[in-house]
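K.L.:
fold the following and give me the result.
(one chain, ligands or ions: 3)
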Amino acid sequence: MSITSVSTSPVASETDDQPFLRVKDLRVHFKTDDGIVKSVDGLTFDLKRGEILGIVGESGSGKSVTSQAIMGLHKNSNARITGEIWLDGKELVGASEEEVRQMRGSEMGMIFQDPLSALHPFYTVGAQISEAFMVHNKVSKKEARAQTVEMLKKVGIPNAADRYGDYPHQFSGGMRQRAMIAMALICQPKLLIADEPTTALDVTVQAQILELIKSLHEELNSAVILITHDLGVVAETCDKVLVMYGGQCVEKGLVDDLFYAPEMPYTWGLLRSMPRMDRDRQSRLLPIPGQPPSLINIPKGCVFNTRCPFSDRVEGGQCFTKHPELLDTAPNHEVRCHIPSEERREILRTEILPTL
Ligand SMILES: Nc1ncnc2c1ncn2[C@@H]1O[C@H](COP(=O)(O)OP(=O)(O)OP(=O)(O)O)[C@@H](O)[C@H]1O
Ligand code: SF4
Ligand SMILES: [Mg+2]
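P.N.:
Ligands and ions are numbered 1, 2, ... in the order given. The predicted model follows:
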């Protein structure tokens, strides 16, 4: 059974040269009274239809700002955006607000980190989802209602027809997440961005919501960006991963590269901080010491240099003077670090893997 009765659009103009989503040298800088906040600073990645990309990184690393930029949500704000965002052959950074608005819902949908910010408190959940459907489909109110109830059922809202008229505050946290997923998916977006879709939900509901995203993505052959703190979720759900730190990509690759052959010291830190069931409680979490950098005063050299335990392995103090480029270390695997690949692999083998 399809998600709605509207037919899925064919895979449009994607070719190997032109993936469905291409983000190139994206910068999102906010002008504030304290200075320029460089929330995203030179981000490049590609995504094909049918792929799920995980974006991971600590709080404040620029994950949400990146997704909001793709959705065109920084237009008319204090943000200065440069670089390119190509979605299905259309460039979005230079597009007008109206053009991007047209694409939201039909071409791209987003599950927001905070469901209450996406659902208007004064309108019923059903009316809001129906409205989103009608903006992009020429259907009667009755038909939109029927499609909405179908979608609410799909996302696992019990008694969907009865709950259609409820207001957001009448839904529990898990139900609001589901309603937001319904709203994001009702127009069958070819690109779905899910920003921490399971934060603050209990484990069972988390698993159900992730399953739902996966099955809907398979059915629609959508491209999905899944933003999460949870590396376990990435391992189970994603094809590729992008690790962000201080507004930059520090490592990206296929999921197996990131879990079995990670090469960036920050990624090592993230993996070590992952909870493990086979360790006793005291030794389960090894947080990365120190704080992320200020995005107003990003350190000279490597963005991770204030916390990196390996900076003394690089000759001439380059970690503090020269910004490392993001370079290929293997096919589809890129790393930003001055330590040569061979040496990083040796460190991984002898010093990191035994501690994971
Ligand atoms: N409108 C804004 N003006 C100024 N700074 C902003 C603005 N929006 C976001 N930022 C800053 O940009 C940085 C990146 O924020 P972002 O929300 O993308 O982080 P995140 O990686 O999604 O973190 P989390 O995991 O906590 O959700 C933060 O330092 C944030 O304070
Ligand atoms: S470039 Fe230097 S500071 Fe940055 S991750 Fe590599 S070793 Fe650490
Ligand atoms: Mg966020």
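K.L.:
what does the chain put close to ligand 1?
P.N.:
Contact residues (C-beta under 6 Å from any ligand atom) of the chain with ligand 1: 30, 32, 37, 39, 57, 59-65, 78, 113, 295. C-beta coordinates here come from the backbone N, C-alpha and C atoms, glycine included.
K.L.:
so which one among those has the lowest pLDDT?
P.N.:
Confidence by pLDDT is poorest for Gln113 among the residues of the chain next to ligand 1, given 81.
K.L.:
so that one: helix, strand or coil?
P.N.:
Per DSSP: H, G, I helix; E, B strand; the rest coil, the secondary structure class of Gln113 is coil.
K.L.:
what is the burial count for it?
P.N.:
By other C-beta atoms under 10 Å, 17 other residues sit near Gln113.
K.L.:
ok, now which ones touch it?
P.N.:
Under the criterion of C-beta atoms under 8 Å, 6 or more residues apart in numbering, the neighbours of Gln113 are 64, 195-196, 199, 227.
K.L.:
let's see 10 Å
P.N.:
Counting by C-beta atoms under 10 Å, 6 or more residues apart in numbering, Gln113 makes contact with 63-64, 67, 194-197, 199-200, 227.
K.L.:
how near is it to ligand 2?
P.N.:
28 Å (C-beta to the nearest ligand atom, to the nearest Å).
K.L.:
I'd like the distance between that residue and Thr199.
P.N.:
As for Gln113, its distance to Thr199 is 7 Å (criterion: C-beta to C-beta, to the nearest Å).
K.L.:
between these two, what contacts are shared?
P.N.:
Ile227.
K.L.:
ok so, going back, and which of the contacts of Gln113 is nearest ligand 2?
P.N.:
Using C-beta to the nearest ligand atom, Lys63 comes nearest to ligand 2 of those, at 19.4 Å.
K.L.:
got the phi and psi for the residue nearest to that closest one when sequence neighbours are not counted?
P.N.:
Computed as C-beta to C-beta, 6 or more residues apart in numbering, the closest residue to Lys63 that is not its neighbour in sequence is Ile227, at 4.6 Å. The phi/psi pair for Ile227 (degrees, to the nearest 10) reads phi -100, psi 130.
K.L.:
specify the beta-bridge partners of Ile227.
P.N.:
For Ile227, the beta-bridge partners under DSSP bridges are Ile55, Asp195.
K.L.:
pretty sure it contacts Gly57?
P.N.:
Yes: the pair Ile227 and Gly57 qualifies as a contact (C-beta atoms under 10 Å) at a distance of 8.8 Å.
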